[in-house]
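> Coordinates only, no sequence provided:
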């Protein structure tokens, strides 16, 4: 139940054009809603990792209610907010992180810094 994510693959480079979601705008699904509440960067050597923090509320499920806080990591920043899309949302060039070792290091750092129960990668 992650808010709408819009990406465009850039020819054979692995880099994507990532459309930034609006913060504090709930996305409703059948079991509840989720909202990105924060956009942040994390320094990783000479690179910067872009991530979002969000919260999910499960309040319309048939089996009870609950919620969680999470982080979502689109990837490494290659070009920050270099244009806007037709709706006026910023677009960045991002390199998704596929290396599981790097993902674990990033996950650990984010979980130490943010109050989240899970970290997911694009």
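In hand now; what should we look at? Predicted model only: the values in this text are computed from it and were never measured. Numbering: from 1, shown residues only.
> where does this structure dip in pLDDT?
Regions of the chain meeting the criterion pLDDT under 70 cover residues 1-13, 61.
> Excluding sequence neighbours, find me the nearest residue to the most centrally placed residue in the chain.
The centroid of the chain falls nearest to residue 72 when counting by C-alpha atoms, centre = their mean (3.1 Å). The shortest distance from residue 72 to any non-neighbouring residue, by C-beta to C-beta, 6 or more residues apart in numbering, is to residue 52 (4.7 Å). Where you see a C-beta, it was placed from the backbone N, CA and C, and this is true even at glycine.
> With residue 64 instead?
Nearest non-adjacent residue to residue 64, counting by C-beta to C-beta, 6+ apart: residue 58, 7.8 Å away.
> ok, what's across the strand from that neighbour?
Under DSSP bridges, the beta-bridge partners of residue 58 are residue 66.
> Let me see the contact set for it.
31-32, 64-67 (C-beta atoms under 8 Å, 6 or more residues apart in numbering).
> can you confirm residue 92 is in a strand?
Yes: the assignment for residue 92 is a strand, going by DSSP: H, G, I helix; E, B strand; the rest coil.
> neighbours around it, how many?
Residues within reach of residue 92, counting by other C-beta atoms under 10 Å, total 20.
> wait, it sits on residue 77?
Yes: taking C-beta atoms under 8 Å as the definition, residue 92 is a contact partner of residue 77 at 6.3 Å.
> Need the overlap of contacts for the two.
In contact with both residue 92 and residue 77: residue 50, using C-beta under 8 Å, 6+ apart.
> got the contact list for residue 106?
For residue 106, the contact set (C-beta under 8 Å, 6+ apart) comprises 42, 44, 49, 51, 73, 97, 119.
> quick one: what helix or strand has the closest residue to residue 34 other than its chain neighbours in it?
Computed as C-beta to C-beta, 6+ apart, the closest residue to residue 34 that is not its neighbour in sequence is residue 56, at 4.1 Å. Secondary structure assigned from DSSP states H and E places residue 56 in strand 47-61.
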